[in-house]
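Participant: Fold the following and give me the result.
(chains A and B)
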Amino acid sequence: MAKPCITPLWPCAMVGAAAAMAGLDGTGVIIHGASGCYFFADSLIPDPVNCTCLVEDEVIFGTGDRLHEVAEALVPFSEKIVVINTCVPATIGEDLGPYCAGCDPLIIDAPGYCGDMTDGYRLALAAFPAETDPSREGVNIDGLMSTDPFAAGNRMEAERLLARAGIPVAARYCADTLASALRPAEMTVTALPDVASGIGQSVGSLCGLDAIEMTFSALSDLFPDADCAPVMDICEETEELVVKACDRYLRVSDPPRVALFGMAGYVDMAADLFTTFLDAEICCAGARNQPPEGSVCIWAPDLGAVKEMIAAGDPDLLIGSRYEETLAPNVPFVQTTTPIRKSSMLCHRPLIGSEGVLWLIESAINAEKKEC
Amino acid sequence: MGVLSVSAFLTDAVTLIHGPDGCTHINASLLHTTLAEHDVFRIPEIVSTGLGENEIIFGGEDALHDALNTVCADDPAAVVVASTCVSETIGDDVAGICSQSWDCPVVYVPSSGFLGGTFTDGYNSTLTALSSFISPGEQDPDKVNIVGEKNLEFEAEDNFREVSRILGMLDLDVNIRYVRDITVEDIGRFGDAGLNLFREDKDGILGRHFNACTGIPSLPEFPVGLSATLQFIGDAGRLTGRDTTDAVRAEEERQTGLADEFSDLAGEYVTFDSFGFQSAEMEMFAEVAEAVGIRVSTEGTVIPIPFCMPVGTLGLRRMLRQWRRFIDG
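Facilitator: Predicted structure coming up:
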């Protein structure tokens, strides 16, 4: 049943589906809907997306001709036409296959009313016809959603750790060529579990030091030629650095009272790190997406819920997005969740892996410091 | 978005969007981002009816009904209900539900994206819909309503200050800013003004509506250009029954001072680039160039036409400073 909510803070399924497919080089992604839907999706997705820009006439007389026109223009530049169906054409229910300029399209029904951005992302990957190739070497990386500002940094960090273990990288979801993504290897490691692809056999995630160690321990069993010791060393060194920095912080500061907001995977990782190393009290933890079983988060997808949680929690450290910062402008703040528009993040910063752990702890410790 | 650019600036009202959560997020996010770019850090509180697959199949009217009950329980001064593409497509009777008896005033604005028109249509529709809160007033000739300010315009406050200054030269005070950070009760005082000044109503859509419902005379737009500013003073004086001789003379002196201030640009050559947004042929630019002694030639320094036209004499000063930066740069 529909439930009214105040200012939803998370994009709809259409955005997630388009982000997933646009991240695969070789696709020609068409958002089949109004310009308003496209404009917003385009502002969040770093890869090219296209739009049929439907208007009233097409809604009444059929959207096929308009889709054909856009598909025809894209075919010369695309190995695969992908149509992301938005609310109104999905409701009308036209058969769009015959209107894709004679090619064999991938049509994904991702109307906004079927879920949020993470739902749409998973829905698109479920429709993606990847077939594991037993002969392909290496391990796939998934959980890379381009609307996540840390996705590129996460990819590079995952590649770095795998390279240290001597394990080749196979397909990357969704930051790869279409050809590579269609024939993944059999094993997959996950950057961010919330947007795991379901493609290949999951070996584990890279969200936090414990997860990294468990994942590489499993990889060493699956890849006898791999040498995971350097990664274990990195984890140990990282932990030493974190313990030292946090101990120094706690010698002059009380443990922080932290409010965490974002995707559940990141929030769970941050909660674990802050409680383990900073003795932090997690006064509230809100997930933009539906949190999995065992998560410390409660689902907080709208401003009303976030506002109540911050007011009740009275945090002295806030992890989240510009929305949370606006709600509590005087609380030291670390930005980990979109929107991050005002202060653009230019470098490819990871939030997973050992570098992600270091950055998050460093940012939390430094959040209160005003002087050089 | 056009609806929200007005309704979100009604401080004690709630905007309810009848559609999936994603539609509300899109609009709230764009509004928040635009305001943040203008250093206004607030998040508009917009309620979504949260339509899901079930409502798309079986109808969303119950969801709207429930949402209105929930929203009205908090006793807002008014609820502005905006429809979306999908709620219009499935044929929910939003107008019918809004017209039922509720615990607070409910105003419906049809605003589905590709079925309901453009940003400007939503903006105009909301301004006209909210006029239902206007009460009959005294039409005091000393008071002016500022109507339809572009709330997402970066220069909104600067432009307001400039027209307030010009109106002040005629001893005219601003009555209400319709709709910029006012309450629903404030709208009731709309009829107390003797003149309506529209931000930009070249087609006369808003002018005709507000003239019909209030009888208050109006000026169609903020003044843009040297002679237009003088003309504006004359028109405002005529419509409010006052002598403008001194005010026009004072403004002419100010404009002369402006030309002197930029006399270092006399003899320079410029050409105007519209970037497709505005007409580079606008006489205003040639008029300003001539007043300062700048020559217009295709060989001259390329000057970008501002996205929003400069308001009053102060706006022209800001524009000329930009011209100087381009010429000197």
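
Participant: Where does the prediction get shaky in the stretch 101-250 of chain A?
Facilitator: Filtered on pLDDT under 70, the stretch 101-250 of chain A yields no residues whatsoever.

Participant: Output the longest helix belonging to chain A.
Facilitator: Longest helix of chain A, by residue count under DSSP state H: helix A:229-252.

Participant: Domains in the chain, by residue range?
Facilitator: Assuming you mean chain A. Domains of chain A are assigned by automatic domain parsing as A:13-127, A:139-228, A:234-366.

Participant: meant chain B actually
Facilitator: Split by automatic domain parsing, chain B gives B:4-132, B:135-222, B:257-328.

Participant: give me phi/psi at the nearest residue to A:M21 once chain neighbours are set aside?
Facilitator: Excluding the flanking residues, the one nearest A:M21 by C-beta to C-beta, 6 or more residues apart in numbering or on different chains is A:V82, at 4.4 Å. The way it works is simple: take the backbone N, C-alpha and C, and place the C-beta from them, glycine included. With angles defined as degrees, to the nearest 10, A:V82 sits at phi -120, psi 120.

Participant: So what touches stretch B:238-255?
Facilitator: B:141-142, B:144, B:166, B:169-172, B:194-195, B:217-219, B:226, B:229-230, B:233-234, B:236-237, B:291, B:313 (C-beta atoms under 8 Å, 6 or more residues apart in numbering or on different chains).

Participant: For the stretch 251-372 of chain A, just list every one of the helices.
Facilitator: Assigned by DSSP state H, counting those that start in this stretch, the helices in the stretch 251-372 of chain A fall at A:264-278, A:303-313, A:322-327, A:353-366.

Participant: what's the least confident stretch among the ones you listed?
Facilitator: If you rank the helices of the stretch 251-372 of chain A by mean pLDDT, helix A:322-327 sits at the bottom with a mean of 90.

Participant: Excluding chain neighbours, give the residue nearest to A:A130 in space.
Facilitator: Nearest to A:A130 is A:I199, by C-beta to C-beta, 6+ apart, at 5.1 Å.

Participant: Make sure the one you found is actually in contact with A:G143.
Facilitator: No. Counting by C-beta atoms under 8 Å, A:I199 does not reach A:G143; the two are 11.0 Å apart.

Participant: Same drill for those two, tell me which one is more crowded.
Facilitator: A:G143 (30 against 21; other C-beta atoms under 10 Å in any protein chain shown).

Participant: In chain B, where's the longest strand?
Facilitator: For chain B, the strand with the greatest residue count under DSSP state E is strand B:140-147.

Participant: buried residues in that strand?
Facilitator: Neighbour counts over strand B:140-147 (16 or more other C-beta atoms under 10 Å in any protein chain shown) mark B:140, B:142-147 as buried.

Participant: so which of those residues comes closest to chain A?
Facilitator: B:V147 (26.0 Å; C-beta to the nearest C-beta).

Participant: ok, the closest one touching B:R199?
Facilitator: Yes. Between B:V147 and B:R199 there is a contact at 7.0 Å, judged by C-beta under 8 Å.

Participant: All the helices of the stretch 51-200 of chain B, residue numbers only.
Facilitator: Going by DSSP H, counting those that start in this stretch, the stretch 51-200 of chain B shows helices at B:53-58, B:61-73, B:85-89, B:94-98, B:113-116, B:119-129, B:156-168, B:184-187.

Participant: which of the ones you listed sits most buried?
Facilitator: helix B:85-89 (a mean of 25; mean count of other C-beta atoms under 10 Å in any protein chain shown).

Participant: now check it, is it near chain A?
Facilitator: Yes. Part of helix B:85-89 sits near chain A under the criterion C-beta under 8 Å from any C-beta of the partner chain, namely B:85-86, B:89.

Participant: between these, which is nearest chain A?
Facilitator: Nearest to chain A among those, with distances taken as C-beta to the nearest C-beta, is B:V86, at 4.0 Å.

Participant: How about that closest one, nearest residue that isn't a chain neighbour?
Facilitator: A:C87 (4.0 Å).

Participant: Could I get the contacting residues of the one you found?
Facilitator: Contacts of A:C87 by C-beta under 8 Å, 6+ apart are A:14, A:33, A:37, A:111-113, B:19-20, B:23, B:56, B:84-86, B:89.

Participant: If you check chain A against chain B, which residue is the closest one?
Facilitator: A:C12 (2.3 Å).

Participant: Pull the number of nearby residues for the residue nearest to A:M21.
Facilitator: Neighbours around A:V82, by other C-beta under 10 Å: 28.

Participant: same check, this time on A:A229
Facilitator: Using other C-beta under 10 Å: A:A229 sits among 12 other residues.

Participant: What of the one 3 residues further on?
Facilitator: A:M232 sits with 17 neighbouring residues when counted by other C-beta under 10 Å.

Participant: Same check on the one 5 residues further on?
Facilitator: Number of residues near A:E237 (other C-beta under 10 Å) recorded here: 12.

Participant: Ignoring the adjacent residues along the chain, who's closest to it?
Facilitator: Here the residue nearest A:E237, using C-beta to C-beta, 6+ apart, is A:S354, at 7.9 Å.

Participant: what's the neighbour count on that neighbour?
Facilitator: Neighbours around A:S354, by other C-beta under 10 Å: 24.

Participant: Now do the contacts for it.
Facilitator: A:157, A:161, A:209, A:212, A:234-235, A:237-238.

Participant: Narrow these to those that are buried.
Facilitator: A:157, A:161, A:209, A:212, A:234-235, A:238.

Participant: residue farthest from the centroid of chain A?
Facilitator: Note on chain A: the largest C-alpha distance from the chain mean falls to A:F61, namely 37.4 Å (C-alpha atoms, centre = their mean).
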